Structures are given as structure tokens and as C-alpha cells.
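Asks: next input, structure requested:
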Amino acid sequence: MQTSAQLAFVLHSRPYRESSALVDFFSPEGRFRAVLRGARGKAGTLARPFIPLEAEFRGRGELRNVARLESAGIPNLLAGEALFSGLYLNELLVRLLPTEDPQPALFDHYALTLQALAANRPLEPLLRAFEWRLLDQLGYGFPLDIDVAGQPIIPDRIYRLLPDAGLEPVAQLQPGLFHGRELLALADANWDAPGALAAAKRLMRQALAPHLGGRPLVSRELFMTIKEPPRD
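Replies: Numbering: from 1, shown residues only. Alright, predicted model coming up:
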């Protein structure tokens with residue numbers, strides 16, 4: 001069975017048998033894996049991350065076959081920190097997205113985020129916005145302006161995240177907690193507010209952690225190695 005042509009991006013690929021590759025694709029239809037035969041030829045040069053593709057697949061279920069693969073636009077050329085950021089997004093999608101689960105809105109957001117990374121826009125707001133969209137699309141989102149009891153977030157109060165419920169007020173500030181004013185800035189996507197970016201990074205790490213199963217993200221570890229200062 002051959003499906004109609006669809007837009008797709010490669011999230012990850014690895015060698016398979018003598019000349020094929022197992023490729024994780026992301027399309028508006030969701031994430032799925034397919035066998036790409038002749039991966040050392042022209043198709044193999046396209047089966048790389050961040051290239052907009054038009055593809056056709058045969059079969060359904062856990063493993064499909066690539067019937068056709070063509071370029072569908074200008075590759076998003078990522079380098080340096082933008083490259084590691086793109087790999088981080090790909091790893092999140094591979095780790096968290098269930099297979100065969102259509103995600104057209106998330107696919108569009110991903111494509112726009114890659115374009116923004118290629119244009120060298122500031123990384124942190126792009127990453128935090130994508131993490132939030134991913135959590136929300138998977139049903140793990142929570143309000144940023146209302147606490148677990150349904151009360152408005154108060155700027156001068158302190159809150160902690162209960163990943164399965166939302167934000168809960170606490171009596172005093174401790175490491176890993178959040179000022180209400182920071183949360184309200186995030187609710188408005190006001191990245192220029194004092195402490196907003198740092199709070200967003202901390203909040204997203206806490207929100208994602210339960211869904212990553214305790215396994216570290218390889219892309220995050222690689223990113224940290226390039227951020228470390230050189231040793232004498």
C-alpha cells in the first residue's frame with residue numbers, strides 16, 4: 001500500500017543492513033519509522049535532519065518503506081549552538097511523541113522553529129516556546145496564570161511545579177521554585193522581563209523530566225560540552 005505524498009523532516013537515522021537506513025520521520029501525520037533502501041545514493045543525501053522533504057511511504061504500522069524522497073524546499077543550515085538546538089528538538093520528538101499520532105500544528109511549529117534557528121534568532125525563547133508547545137500538544141500542559149486551586153497567580157507569591165497538576169503556592173523561596181511575577185511573564189511570553197528566561201528553562205526542565213523516563217538527553221549533554229570553557 002502506498003500513501004500519498006506528504007511533507008516530512010528526518011529526526012534521526014541509523015544504518016540498517018548492508019545499504020539501507022532506519023529513519024525516524026516527522027510529518028503532519030505524526031512520527032513514524034521507515035526503511036530507506038539505497039541509503040548510500042541520492043536518497044541518502046536527503047535523509048538528513050532539517051531538510052524539508054516531500055515523501056511517499058508504503059505500508060503502515062511500526063515500520064514503513066520509503067517509496068520516494070525529494071527535496072521540498074531550502075535546507076535549514078544550522079551550525080554551532082543552533083545545530084545542537086535543532087538536534088535537541090529532534091531528540092525530544094523521538095523520545096516523547098507516540099508513533100502514528102497526527103500532530104499538524106506541532107509540525108508547523110517545528111518547521112517555523114527550524115527556519116528561525118537558521119536565521120540566527122535568539123535560541124532560548126525559541127527552545128522554550130517549542131518545549132511548551134510540545135507539552136501542550138501531548139496533553140501535559142498547565143496554566144501559567146492560575147494555580148492548582150484555580151486561583152490567579154499572584155506576583156509576590158512563590159510557587160512550585162507539580163508536574164501532573166500545575167503550580168502550587170508555597171510559603172517560602174527554595175531552590176527550583178518560581179516567583180509569581182516570573183510565571184506571569186511566561187504566560188505573556190515576555191522574555192525581556194527580569195528572570196523570565198532563566199525561570200522558563202527551569203520550569204521546562206521540571207515539566208519534561210517525568211516524561212523522559214530518567215534517561216538523559218544526549219543532545220543536551222553534547223551541548224554542555226561545547227559550552228564548557230577550555231581547560232589548561
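Asks: gap between Gly166 and Ala118?
Replies: Using C-beta to C-beta, to the nearest Å, one gets 35 Å for the distance from Gly166 to Ala118. C-betas here are computed from N, CA, C, even on glycine.
Asks: and the spatially closest residue to Ala118 that is not a sequence neighbour, what are its phi and psi?
Replies: Nearest in space to Ala118, with sequence neighbours left out and distances taken as C-beta to C-beta, 6 or more residues apart in numbering, is Asn76 at 4.2 Å. Phi and psi for Asn76, reported as degrees, to the nearest 10, are phi -90, psi 100.
Asks: likewise for Glu168?
Replies: Note on Glu168: backbone dihedrals following degrees, to the nearest 10 are phi -120, psi 130.
Asks: show me where the chain has its strands.
Replies: Ranges of strands in the chain, per DSSP state E, are 6-16, 20-27, 30-36, 53-58, 63-71, 158-162, 166-170, 178-179.
Asks: nearest to Glu81, out of these?
Replies: Between Glu81 and these, the shortest separation by C-beta to C-beta is 19.3 Å, and it involves strand 6-16.
Asks: which elements pack onto that closest one?
Replies: Secondary structure elements in contact with strand 6-16, counted by 3 or more C-beta pairs under 8 Å, 6 or more residues apart in numbering; DSSP states H and E, are strand 20-27, strand 30-36, strand 53-58, helix 80-96, helix 104-118.
Asks: mind running it again at 6 Å?
Replies: Contacts defined by 3 or more C-beta pairs under 6 Å, 6 or more residues apart in numbering; DSSP states H and E place strand 6-16 against strand 20-27, helix 80-96.
Asks: quick one on the thing from earlier: could the strands of the chain go into CSV alongside mean neighbour count?
Replies: CSV is the format used below for the strands of the chain (neighbours: other C-beta atoms under 10 Å):
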stretch, mean neighbour count
strand 6-16, 18
strand 20-27, 21
strand 30-36, 20
strand 53-58, 20
strand 63-71, 16
strand 158-162, 17
strand 166-170, 17
strand 178-179, 22
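Asks: so which of those strands is nearest Ser219?
Replies: Each of the strands of the chain has some distance to Ser219 by C-beta to C-beta; the shortest is strand 6-16, at 10.5 Å.
Asks: give me the contacts around the closest one.
Replies: For strand 6-16, the external contacting residues (C-beta atoms under 6 Å, 6 or more residues apart in numbering) are 21-27, 47-49, 53, 55, 72, 90, 93-94.
Asks: now Leu162. Nearest residue, chain neighbours left out?
Replies: Beyond its immediate neighbours in the sequence, the residue positioned closest to Leu162 (C-beta to C-beta, 6+ apart) is Glu168, lying 5.4 Å away.
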